[in-house]
Each structure stands twice: as structure tokens, then as C-alpha cells.
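Peer 1: Return atomic coordinates for the entry below.
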Amino acid sequence: MRIYELYSKIYMWAQRSIFISWLSRALSAVVSFFVRLFSQIIRRLFRFFRPLRQSWMAKISFFLFLLLPPLLIFFLFVIWPLQHLPDWGVTSFTTPSATSQIPTTAAKPEDTAERKELVQKMKALETEAAFYKSQLELAKSDSINFTIDLVDSVVNLQIRGITVRRCKIQQFELSRVFSQLRMRGFLSDLLTKPFILQKEWATIPKMPVRIIQAPKDTTEALQRADNEIRLEKPDVFFAFQFDRKLFLDVEQIESPTSQGRMQKLSYRYQRLKESIQEILPNLLRFRPPQYQLWIQLKISREDAKALYRSLPKNATLAIRM
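Peer 2: Sure, this is the predicted structure:
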């Protein structure tokens with residue numbers, strides 16, 4: 001019996017050694033193949049770049065060829081849309097506002113500084129008045145609407161002008177077009193009317209449904225009395241698209257889980273796919289893609305979940321900035 005056990009051990013050891021030797025040979029063959037492939041690629045690259053050492057014109061043309069794609073993308077998606085900005089509901093881009101009607105007879109530097117300060121105050125007052133006009137329109141509706149106050153960094157859920165929930169904005173970013181409209185005096189015209197929700201994306205369901213089987217009798221009901229129904233704590237990311245090309249992106253300030261990251265990637269991929277479908281027809285027809293106004297907010301997870309699930313399909317928005 002001992003001889004048989006010794007023989008079996010020797011046989012297993014021999015099999016393992018043969019397998020290890022075969023595995024090492026296979027790995028060495030694979031490594032040598034990739035080393036040869038890499039060396040051939042390096043040699044061909046050296047052959048390709050050899051003329052660049054001899055001619056300055058070749059170097060300049062090569063670097064221009066490398067810079068051409070990013071410059072073309074920058075022109076198509078940034079400069080060209082900015083030169084053909086859409087009409088976001090502004091009354092007129094040629095009619096001067098009240099701030100531009102200030103007389104310019106002053107020639108002293110002190111008067112120029114005072115005039116600039118007065119213009120800024122008047123623009124701020126016009127923007128403030130536009131927000132209150134838009135909020136007055138929201139108060140006429142019976143449905144739930146919301147306002148974004150970037151001055152006080154809060155998002156307010158309102159019904160008939162009464163705030164039912166206040167969400168603190170932790171971080172926010174804005175499109176630079178807002179500052180351009182403010183400088184030209186057209187921001188107040190844009191913010192006078194409320195924005196109407198048209199499309200939405202989210203990583204959580206709008207109306208969650210939980211199916212629970214009812215107990216058969218009182219005994220089973222008493223047994224379930226101590227069972228606690230756990231509240232869901234999903235990662236919340238959602239986006240709203242309004243009329244007049246306004247895009248609102250809301251994220252939770254807390255770091256997401258691994259599952260939340262995957263959900264965020266899938267929902268961003270869906271948004272990117274739809275935006276490409278909108279941009280491609282304009283590019284194929286040699287039309288500039290329409291530039292979108294965008295606002296990105298970061299709030300707490302609970303506030304983001306309450307904000308997304310409380311708003312109806314055609315929710316309206318007023319903005320203060």
C-alpha cells in the first residue's frame with residue numbers, strides 16, 4: 001500500500017513538472033512573439049520618421065497633420081455654433097436694452113467707472129425682475145414646479161408660489177453663454193418666461209413600485225409585523241432638457257458605488273447617443289449645430305431623489321442668477 005502511494009505521488013509530481021515545463025515554454029513563445037512584433041513596429045516607425053530628421057518642411061507638415069483633427073472638431077462644435085447662436089426666446093438681438101441707453105457724454109475716468117457700475121446695477125436689476133416675472137407665471141399653475149436660485153445656491157420645489165422643499169446646492173457650473181448674454185443685456189429677456197421640461201434621463205425610476213405578497217391570515221400578518229421595510233438608497237443622476245435649448249444636469253454630491261458608476265455610464269451613453277443623432281443631420285447638411293445652454297448642479301442624494309420624483313412631465317422652471 002505504501003509503495004502504491006509513493007508511486008502515485010511520483011507520478012503526480014512528474015505530471016506537474018511536465019505541465020509546468022510546457023506552460024513555461026508556451027509563455028516564453030508568446031513573449032518572444034510580442035517582442036518581435038514590437039521590434040518590427042519600432043523599426044517601421046523609425047523608417048517612417050527618418051525623413052523628418054532631414055527636412056524642416058516635413059516636420060511642420062507632420063505636426064500640422066496631427067493638429068488638423070482637433071482643430072476641426074473645435075471649429076465644428078465650439079466656434080461655429082457660437083457664431084450662429086439660436087434664438088432662445090429673446091425678444092430681439094438688435095433692440096438695445098435700458099442699460100445701453102445711458103448717455104455716453106462723460107469723458108473723465110471717474111465718470112466712466114461710475115457709468116460701468118451703474119450699467120452693472122441696472123443689468124442685475126433687470127435680471128432680478130425677469131426672475132420674479134417668471135416666478136409669477138409659475139404661481140399661476142396648480143402643478144409642482146421648481147426654481148433654481150444660483151444667488152442663494154438653493155433649489156426650491158413650489159406649489160402655487162409656496163416653497164414645499166428647499167434643496168441646498170453644494171456645487172454648480174454654468175455655460176459661458178450666460179455671461180455673454182448678460183454682457184449684451186439679453187439675459188433678462190431669456191429668463192422672463194419659465195422653461196418647460198421636454199425630455200429627461202435618470203438612473204432611478206420615476207415611480208418605484210414594490211410588490212409584496214399579502215399575508216394569508218392574521219397569524220402570518222403578526223409574524224411579518226417585526227419585518228422592517230428598508231428604504232432604497234440608490235445613486236441618483238438625472239438630466240432635464242427644456243425648451244429654448246436649456247440642459248440641466250443634476251448629480252449627487254456623494255461618491256457613487258460601483259453599481260452606481262455603471263448606471264451613470266449607461267445613462268450618459270444614452271444621452272450622448274441622442275445628442276449625436278441630433279448633431280449629425282446638421283453637419284451632413286452643412287448647418288451649424290445648435291449650441292445648448294447648460295447648468296450642472298450637485299446636491300445631496302436625498303434632495304436629488306426628491307427633486308426628480310416630485311416633478312411632473314411638463315414641469316416648469318424659473319432661474320435666478
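Peer 1: remind me which residues of the chain are low pLDDT?
Peer 2: Where the chain drops to pLDDT under 70, the residues are 1-19, 45-46, 48-59, 61-63, 65, 72-111, 225-232, 283, 286, 288-291.
Peer 1: Could you look up the SS state of the residue sitting nearest the centre point of it?
Peer 2: Central residue of the chain (C-alpha atoms, centre = their mean): Asp249, 5.3 Å from the mean position. When classified by DSSP: H, G, I helix; E, B strand; the rest coil, Asp249 comes out as strand.
Peer 1: beta partners of it?
Peer 2: Taking DSSP bridges as the rule, Asp249 bridges to Ala239, Gln296.
Peer 1: Contacts only, for it.
Peer 2: In this structure, Asp249 makes contact with Ala239, Trp294, Ile295, Gln296, Leu297, judged by C-beta atoms under 8 Å, 6 or more residues apart in numbering. Any C-beta I mention is one placed from the backbone N, CA and C, and that applies to glycine too.
Peer 1: Using ChimeraX, make a named selection holding only the buried ones among those residues.
Peer 2: Restricted to buried positions by 16 or more other C-beta atoms under 10 Å, the ChimeraX selection for the contacts of Asp249 reads:
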select :239,294,295,297
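Peer 1: now, among the contacts of Asp249, which is nearest to Arg224?
Peer 2: The closest of the contacts of Asp249 to Arg224 turns out to be Ala239 (C-beta to C-beta; 39.1 Å).
Peer 1: Looks like that closest one contacts Trp201 (just checking).
Peer 2: Yes. Look at Ala239 against Trp201 with C-beta atoms under 8 Å: they come within range, at 4.7 Å.
Peer 1: Now the common contact residues for these two.
Peer 2: Counting by C-beta under 8 Å, 6+ apart, the common neighbours of Ala239 and Trp201 are Tyr267, Arg271.
Peer 1: export the contacts of Asp249 to JSON lines and tack on distance to Ala29?
Peer 2: Below are the contacts of Asp249 laid out as JSON lines (distance: C-beta to C-beta, whole Å):
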{"residue": "Ala239", "distance to Ala29": "51"}
{"residue": "Trp294", "distance to Ala29": "54"}
{"residue": "Ile295", "distance to Ala29": "57"}
{"residue": "Gln296", "distance to Ala29": "52"}
{"residue": "Leu297", "distance to Ala29": "56"}
